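> Provided below are the primary sequence and the corresponding predicted coordinates.
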Amino acid sequence: MQSTPPSGGDTLWVSGYEIYDRLSPPFRAFLETLTATCAQPVFKSACEAGGYEVMSPRGSPLNVGYEFEPHHPVIRTHPVTGWKSVFAGVGLHVSRIDGVTSYEDQMIREYILRLITRNHDCVARMHWTRGACAIWSNECTLHAATVRGPDRRLSA
């Protein structure tokens with residue numbers, strides 16, 4: 001970070017490894033059989049609001065226009081460490097857990113979110129300052145930005 005903007009927030013990371021380790025072995029085995037449909041529900045509105053032109057295709061030839069709905073494993077094995085991690089299951093980008101009922105989808109996502117929000121010891125928070133740098137692997141961490149106003153206090 002060369003300089004910090006007048007508004008913005010911190011970044012929160014949670015270890016997908018740690019969330020996986022907190023699951024019972026039978027539940028781990030079940031989640032390892034599932035995928036999640038991921039999308040960016042605000043992609044179109046964010047592009048329009050920012051005046052961004054959408055390139056087509058982007059990455060996969062299936063990513064044309066505003067269409068973008070990949071399926072990712074709920075549990076992923078990191079290609080370098082070989083460790084298993086909760087990869088997909090929560091967040092704005094997850095539309096649904098594939099192959100389960102809507103009630104089961106809701107239960108799974110609420111449970112994973114509860115593991116994250118009720119276990120602060122697996123969450124790291126970084127306050128961005130001039131000269132700050134962070135490196136992480138999206139294959140084993142979940143991350144989100146906090147919202148702060150120009151005076152750096154947390155917004156309500």
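On my side now, so go ahead. Numbering: from 1, shown residues only.
> For the rest of this, base every contact and every neighbour count on C-alpha atoms.
OK.
> wait, Arg96 sits on Ala36?
Yes - with contact defined as C-alpha atoms under 8 Å, Arg96 reaches Ala36; the gap is 5.7 Å.
> got any residues that touch both of the two?
Gly89 (C-alpha atoms under 8 Å, 6 or more residues apart in numbering).
> what comes into contact with the top helix by length along the chain?
Assignment by DSSP state H gives helix 102-117 as the longest helix of the chain. Helix 102-117 is contacted by residues Val14, Ile19, Arg22, Gly89, Val90, Arg96, Ile97, Asp98, Cys122, Val123 when judged by C-alpha under 8 Å, 6+ apart.
> Wait, the fourth one touches His72, no?
Pointing back at Gly89 there. No - counting by C-alpha under 8 Å, His72 is not a contact partner of Gly89; they are 9.2 Å apart.
> joint contacts of these two?
Common neighbours of Gly89 and His72 (C-alpha under 8 Å, 6+ apart) are Ala36.
> more crowded one of those two?
Taking neighbours as other C-alpha atoms under 10 Å, Gly89 and His72 compare with Gly89 leading, 29 against 18.
> where does His72 fall, helix, sheet strand or coil?
Secondary structure for His72, judged by DSSP: H, G, I helix; E, B strand; the rest coil, is strand.
> Ignore what I typed, I meant Thr129.
Assignment for Thr129 (three-state DSSP): coil.
> From Asp10, how far out is it?
Shown here: Thr129 relative to Asp10, a distance of 9 Å by C-alpha to C-alpha, to the nearest Å.
> Glu104 now?
32 Å.
> Neighbour count: those two, which is higher?
Asp10 (16 against 12).
> and the more buried one, what does it touch?
So Asp10 contacts Arg125, Met126, His127, Trp128, Ala145, Thr146, Val147, Arg148 (C-alpha under 8 Å, 6+ apart).
> repeat that with 6 Å
Met126, His127, Trp128, Ala145, Thr146 (C-alpha atoms under 6 Å, 6 or more residues apart in numbering).
> likewise His93?
By C-alpha under 6 Å, 6+ apart, the neighbours of His93 are Cys38, Ala39, Gln40.
> May I ask which of those residues has the most neighbours?
Highest neighbour count within these: Cys38, with 22 neighbours (other C-alpha under 10 Å).
> Strand partners (parallel or antiparallel) of the helix or strand containing Ser95?
For Ser95, the host element (DSSP states H and E) is strand 94-97. Strand 94-97 pairs in its sheet with strand 35-38 (antiparallel), by DSSP bridges.
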